[in-house]
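Visitor: Take this sequence and fold it.
(2 chains)
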Amino acid sequence: DTEVTQTPKHLVMGMTNKKSLKCEQHMGHRAMYWYKQKAKKPPELMFVYSYEKLSINESVPSRFSPECPNSSLLNLHLHALQPEDSALYLCASSPYPGQDEAFFGQGTRLTVV
Amino acid sequence: SQELEQSPQSLIVQEGKNLTINCTSSKTLYGLYWYKQKYGEGLIFLMMLQKGGEEKSHEKITAKLDEKKQQSSLHITASQPSHAGIYLCGADTGSGAGSYQLTFGKGTKLSVIP
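Guide: Numbering: from 1, shown residues only, chains lettered A, B, ... in the order given. I've put the predicted structure just below:
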């Protein structure tokens, strides 16, 4: 299994809603990442989890809350988002932090209304 | 902060033609990654280069990292419609083990006309 699986593929939420994005990998990777990609822009790093601990938070607003319950799972909890948060959210994993290529999921297309 | 400049921004080629995409960094590259992305989808890893002068090939795609490690090129030979997509270069901006961070260029949109 060499896949990073993200669910849901599409999500529409209101500004007062609470929702979560899920990312799963079963490759035994110990580093997992959340990226945000706006239309026609490159992905931008949001969070890095290294051995299930948050190691990097790129000054992301607190309305985005990451969680790594175990080494295979990464969640992104969303609350009180703004329309400008609408984007493609990409999850990635790599064998270890700082080594080798990252495998990316297909992304969750989020629309905030 | 490290910046990656990709050129060209977009490219339209006839099927069967060769093409080259460039990625130039404002700082020394310690790890350079090439990804391909279809619109609205995840990134597909193509290649990683680390050593100056390194060259890697996979099927009809060849990537090189120059000796000074500040520029990389991606070359596609005999392009096919399946090569169409957005090509992104990414650089490892971390300072060492445990600090993996990828910064991406703005991408090159490739269209291949049958």
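Visitor: in chain B, which spans are helices?
Guide: In chain B, no helices are defined using DSSP state H.
Visitor: Apart from its chain neighbours, what residue comes closest to B:Tyr33?
Guide: With Cβ to Cβ, 6 or more residues apart in numbering or on different chains as the criterion, B:Tyr33 has its nearest non-adjacent residue at 4.2 Å, and that residue is B:Gly90. Yep, even glycine has a C-beta here, placed from its N, CA and C like the rest.
Visitor: low pLDDT regions in chain B?
Guide: Across chain B, the stretches falling below the confidence threshold (pLDDT under 70) are B:1-2, B:40, B:93-101.
Visitor: related to what we said a few turns ago, quick one, what contacts the residue nearest to B:Tyr33?
Guide: Contacts were defined as Cβ atoms under 8 Å, 6 or more residues apart in numbering or on different chains; by that measure B:Gly90 touches B:Leu4, B:Leu32, B:Tyr33, B:Trp34, B:Tyr35, B:Leu102, B:Thr103, B:Phe104, B:Gly105.
Visitor: One more: A:Arg63?
Guide: Neighbouring residues of A:Arg63 by Cβ under 8 Å, 6+ apart: A:Leu78, A:His79, A:Ala80, A:Leu81, A:Gln82, A:Asp85.
Visitor: surely B:Ile86 meets B:Trp34?
Guide: No - at 11.5 Å, B:Ile86 does not count as touching B:Trp34 under the criterion of Cβ atoms under 8 Å.
Visitor: Which residue of those two possesses the greater neighbour count?
Guide: Using other Cβ atoms under 10 Å in any protein chain shown, the more surrounded residue of B:Ile86 and B:Trp34 is B:Trp34, with 26 against 20.
Visitor: Distance of that one relative to chain A?
Guide: The span separating B:Trp34 from chain A equals 10 Å under the rule Cβ to the nearest Cβ, to the nearest Å.
Visitor: cool, and B:Met48?
Guide: Using Cβ to the nearest Cβ, B:Met48 is found at 5 Å from chain A.
Visitor: I'd guessed that residue sits against A:Glu101; true?
Guide: Yes - taking Cβ under 8 Å as the definition, B:Met48 is a contact partner of A:Glu101 at 5.1 Å.
Visitor: Just give the closest residue to A:Asn70, not the sequence neighbours.
Guide: In space, A:Asn70 is closest to A:Glu52, 6.9 Å off (Cβ to Cβ, 6+ apart).
Visitor: can you tell me how far that neighbour sits from A:Ala31?
Guide: When distance is defined by Cβ to Cβ, to the nearest Å, A:Glu52 is 10 Å away from A:Ala31.
Visitor: neighbour-wise, which of the two wins?
Guide: For A:Glu52 versus A:Ala31, the count of surrounding residues by other Cβ under 10 Å is larger for A:Ala31: 23 against 16.
Visitor: Contact partners for the residue of chain B found nearest chain A?
Guide: For chain B and chain A, the shortest gap (Cβ to the nearest Cβ) falls at B:Phe104, measuring 3.5 Å. Contacts here follow Cβ under 8 Å, 6+ apart; on that basis B:Phe104 touches A:Pro42, A:Pro43, A:Glu44, B:Leu4, B:Tyr35, B:Leu88, B:Cys89, B:Gly90.
Visitor: Between the residues you listed, which sits nearest A:Gly107?
Guide: Of all these, A:Pro43 has the smallest distance to A:Gly107: 9.2 Å, by Cβ to Cβ.
Visitor: count of neighbours near that closest one?
Guide: By other Cβ under 10 Å, the residues close to A:Pro43 number 28.
Visitor: shouldn't it be in contact with A:Ala87?
Guide: No - checked against Cβ under 8 Å, the pair A:Pro43 and A:Ala87 is beyond contact range at 9.5 Å.
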